[in-house]
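**Student:** here's a sequence, model it:
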Amino acid sequence: MTAPLAQWAEEMIANGGYASISDLVRTALRRLEDDHRTGLAGRASSTAFSQPRAEDLDRLTQTPEQQDVKA
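**Tutor:** Here you go, the predicted structure:
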């Protein structure tokens with residue numbers, strides 16, 4: 001994990017968005033799994049890790065509560 005990503009994860013935990021790194025990773029993996037099930041993941045290419053869209057990156061900086069408000 002890169003230093004900026006680790007710092008962001010720690011900030012998310014400190015702000016109360018997640019209880020632990022494990023909680024954050026579990027949520028991220030579930031969302032990735034959902035994306036694969038709904039056909040969102042990999043739509044830009046046939047590889048498992050395509051370039052993320054801007055709105056996907058924006059979700060990474062929001063708590064689950066903020067994401068529910070925008071949905």
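**Student:** make it CA atoms for all contacts and neighbour counts henceforth
**Tutor:** Will do.
**Student:** what segments of the chain are helices?
**Tutor:** With helices called from DSSP state H, the chain shows them at 3-14, 21-38, 54-60, 64-70.
**Student:** kindly reformat these as TSV containing mean neighbour count and mean pLDDT.
**Tutor:** TSV is the format used below for the helices of the chain (neighbours: other CA atoms under 10 Å; pLDDT from 0 to 100):
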stretch	mean neighbour count	mean pLDDT
helix 3-14	14	91
helix 21-38	13	90
helix 54-60	11	65
helix 64-70	10	60
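**Student:** I'd say residue 24 and residue 11 touch.
**Tutor:** No - using CA atoms under 8 Å, residue 24 makes no contact with residue 11, being 11.2 Å away.
**Student:** show me what contacts residue 7?
**Tutor:** Taking CA atoms under 8 Å, 6 or more residues apart in numbering, we find residue 7 in contact with no residue.
**Student:** how far away is it from residue 20?
**Tutor:** When distance is defined by CA to CA, to the nearest Å, residue 7 is 13 Å away from residue 20.
**Student:** next one: residue 37
**Tutor:** In terms of CA to CA, residue 37 sits 26 Å off from residue 20.
**Student:** which ones are touching the closest residue to residue 10 other than its chain neighbours?
**Tutor:** Nearest non-adjacent residue to residue 10, counting by CA to CA, 6 or more residues apart in numbering: residue 21, 7.6 Å away. Applying CA under 8 Å, 6+ apart, we find residue 21 in contact with 9, 10, 13.
**Student:** having no further points to raise, I will conclude here.
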